[in-house]
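J.: Any chance you could fold what I've pasted below:
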Amino acid sequence: MVSNAEGTAKVVAAPARMPGQIGYIIGNEACERFSFYGMRNILTQFLASSTLLFAATEMASVAEREAAAKEVFHTFVLGVYFFPLLGAWLADRYLGKYRTILYLSLVYCAGHACLAVFEKNKTGFFAGLLLIALGSGGIKPCVSAFVGDQFDQSNKTLARLVFDAFYWIINFGSFFASLLMPWFLRWWGPAVAFGIPGLLMGLATLIFWLGRRQYVHIAPTAPHPDSFLSVSRDVLFADDRNGRSNRMLAAAGGILALLFFVLGFADLGRMLWWHTAPIIGVASLWCLALVVAIGFAGAAVWRQLDQAPVGHSVEAIQGARHVIRIMVLFFLVTPFWSLFDQKASTWVLQAAGMSKPSWFEPSQMQALNPLLVMLLIPCNNLVLYPLLRRLGTEPTALRRMGVGIAFSGLSWVVVGAMQIAIDRGHTLSITWQILPYALLTLGEVLVSATGLEFAYSQAPPAMKSAIMAFWSLSVTVGNLWVLLANAAVRNASVTRAIEQLGIGVTGFQMFFFAGFAFLAALAFAWFAARYPLADHYRKAATID
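T.: Take a look at the predicted model:
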């Protein structure tokens, strides 16, 4: 407390204080991201060049090997970003975030061990991918929300800096993993290349455990009568003048989702018993079933919220409406992820056909992405955003995300033009990929780094991990679009139609995804302009 010139006392707020336990979480994240990207970024290259997917006696063409490797990669990523739903449910209802992260990290370590031991055994290797998807995906929403739990209203301004630092350290680990693991794969083989990330994941688990006595622990909560699921259920089954039509809308979505789910079992049967490739893919159909079910149910709830049954507070109804708005925004981000994740599949395969030094591996080009992220985050915060504010334009989270989606589309226009040149016999240096990587990375910084903090700030208190899981689910849906697009171009009539345009299938897909992103950016901008912002940081200093 100080006095001014008139002698009137005024209170001076204490400076915001950074929680000391953040260092353990950041250290854990750096090692965990090295482990994840270390195996992820060599996965396509390994699968395309090994006999794991095709026996040595099966004369699969290069194109067939690459297509199969790409299919496995995007199915794996689809699973990684689906399991956050399970992790969030366990954390919010039963285990709490700390124990969920710790237990699933052990599952994560077991998955890495399977990859290192079973690099020549298809069943064992795929079991390892499943365990990594479960562990990595399960902890994903919990870690981000656990960071937010360490802050309150007194220091929430520092949370925005930490989320940026959080994303920066993710890319620090990713940079060294992307640079080193392709060399380890080439020189020492898959057992070492997949084993080193496993050791880093073990270290990540140890670092996280060491900070156990310093963390702020938000206890798991029992289902609340005013939770989003409770309100949604009561709205769907309400008996009023619109209840029947909304139940029919939800039922239609359920029937359609069930159809996709059953078709997934049919595709599974084709794979296991008739040994033929599935038409679309088991994971794709099951994921499509989930998207349809969520979409129809959400639409039905939205239509009925104004006439919700008595017994729910106004705040609960508004909270349910806000969650649905967040889910729509997340859905509009899905095209960005369909473009972004293909840098580890489609772009790696393109790099393999470009001229490069003999010591350089195609998948090492991915190291450029995290390097650019580490440069762009401080550049944006210290230079670009202050400049925009001086020019009278506030770079809000939603504006940044919309522009980021558009930049991702622009990167694919460039890479598509390069692919056409390659298909026509021109020899291009791999350095040409620097430009699309720069554009895509700028889009990533604007979308992904922003989305982490935005998702936490918009989530009602009882749904922190759940909303973070829906953010991760948007990545699953993005990879679903890739799998569906790949399935579409396997159709002979579609392939012939593309050939009549005078370009290759890969080049056509690149321009298709670019257009997909531009349309998504326009839709996102339209919806974001009508989105009411919220602030859901907790008020209490500590909660044990």
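J.: which non-adjacent residue is nearest Ile420?
T.: Spatial nearest neighbour of Ile420, excluding adjacent residues (Cβ to Cβ, 6 or more residues apart in numbering): Gly507 at 4.8 Å. Quick note: C-beta positions are derived from backbone N, CA and C, even for glycine.
J.: Tell me the buried residues in the host helix or strand of the one you found?
T.: Element membership for Gly507 (DSSP states H and E) is helix 505-528. The neighbour-count check on helix 505-528 (16 or more other Cβ atoms under 10 Å) flags 505-514, 516-518, 520-521, 523-525, 527-528 as buried.
J.: One more: stretch 480-489?
T.: Buried-residue list, stretch 480-489, by 16+ other Cβ under 10 Å: 480-487, 489.
J.: ok, those vs Met401, which is closest?
T.: Within the buried residues of stretch 480-489, distances to Met401 taken as Cβ to Cβ reach their minimum at Trp481, with 17.9 Å.
J.: From Ala488, how far out is the closest one?
T.: Trp481 is 10 Å from Ala488, where distance means Cβ to Cβ, to the nearest Å.
J.: try Ser457
T.: 38 Å.
J.: can you give me the helices for the stretch 301-450 of the chain?
T.: 314-340, 346-352, 368-379, 385-390, 397-423, 434-444, 450-458 (DSSP state H, counting those that start in this stretch).
J.: on that earlier part again, what sits up against the helix holding Gly507?
T.: The contact list for helix 505-528, computed with Cβ atoms under 8 Å, 6 or more residues apart in numbering, reads 328-329, 332-336, 338-339, 342, 346, 350, 398-399, 401-403, 405-406, 408-410, 412-413, 415-416, 419-420, 423, 481, 485-486, 489, 495, 498, 501, 503.
J.: Repeat the analysis, applying 7 Å as the threshold.
T.: Residues from elsewhere that reach helix 505-528 (Cβ atoms under 7 Å, 6 or more residues apart in numbering): 328-329, 332, 335-336, 338-339, 398, 401-402, 405-406, 408-409, 412-413, 415-416, 419-420, 423, 485, 489, 495, 498, 501.
J.: Make a ChimeraX selection of the buried ones in the residues you listed.
T.: Of these, the buried ones can be selected in ChimeraX as follows, counting by 16+ other Cβ under 10 Å:
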select :328,329,332,335,336,338,339,398,401,402,405,406,408,409,412,413,415,416,419,420,485,489,498
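J.: Now the host helix or strand of Gln45: average pLDDT?
T.: Gln45 is part of helix 22-49, with elements assigned from DSSP H and E. What helix 22-49 shows for mean pLDDT is 91.
J.: quick one, that helix and helix 368-379 angle?
T.: Computed with axes from the mean of the first three to the mean of the last three Cα atoms, to 10 degrees, the direction of helix 22-49 lies at 150 degrees from that of helix 368-379.
J.: moving C-terminal of helix 22-49, what's the next helix or strand?
T.: Following helix 22-49 in sequence order, the next helix or strand is helix 62-80 (DSSP H and E).
J.: so after that next one, what's the next helix or strand?
T.: helix 84-90.
J.: Which strands or helices does the helix or strand following that next one pack on?
T.: Helices and strands here follow DSSP H and E; after helix 84-90, the next one along the chain is helix 96-117. For helix 96-117, the packing partners by 3 or more Cβ pairs under 7 Å, 6 or more residues apart in numbering; DSSP states H and E come out as helix 22-49, helix 84-90, helix 122-149, helix 190-210.
J.: Save these as JSON lines, and put in mean neighbour count and distance to Leu375 too.
T.: Shown next, in JSON lines, are the helices and strands packed on helix 96-117 (neighbours: other Cβ atoms under 10 Å; distance: least, Cβ to Cβ, whole Å):
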{"stretch": "helix 22-49", "mean neighbour count": "24", "distance to Leu375": "17"}
{"stretch": "helix 84-90", "mean neighbour count": "22", "distance to Leu375": "29"}
{"stretch": "helix 122-149", "mean neighbour count": "23", "distance to Leu375": "23"}
{"stretch": "helix 190-210", "mean neighbour count": "20", "distance to Leu375": "24"}
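J.: how about CSV for the ones you listed, with distance to Val475 added?
T.: Output for the helices and strands packed on helix 96-117, formatted as CSV (distance: least, Cβ to Cβ, whole Å):
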stretch, distance to Val475
helix 22-49, 13
helix 84-90, 9
helix 122-149, 9
helix 190-210, 20
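J.: Go through these and name the closest to Asn155.
T.: helix 22-49 (10.6 Å).
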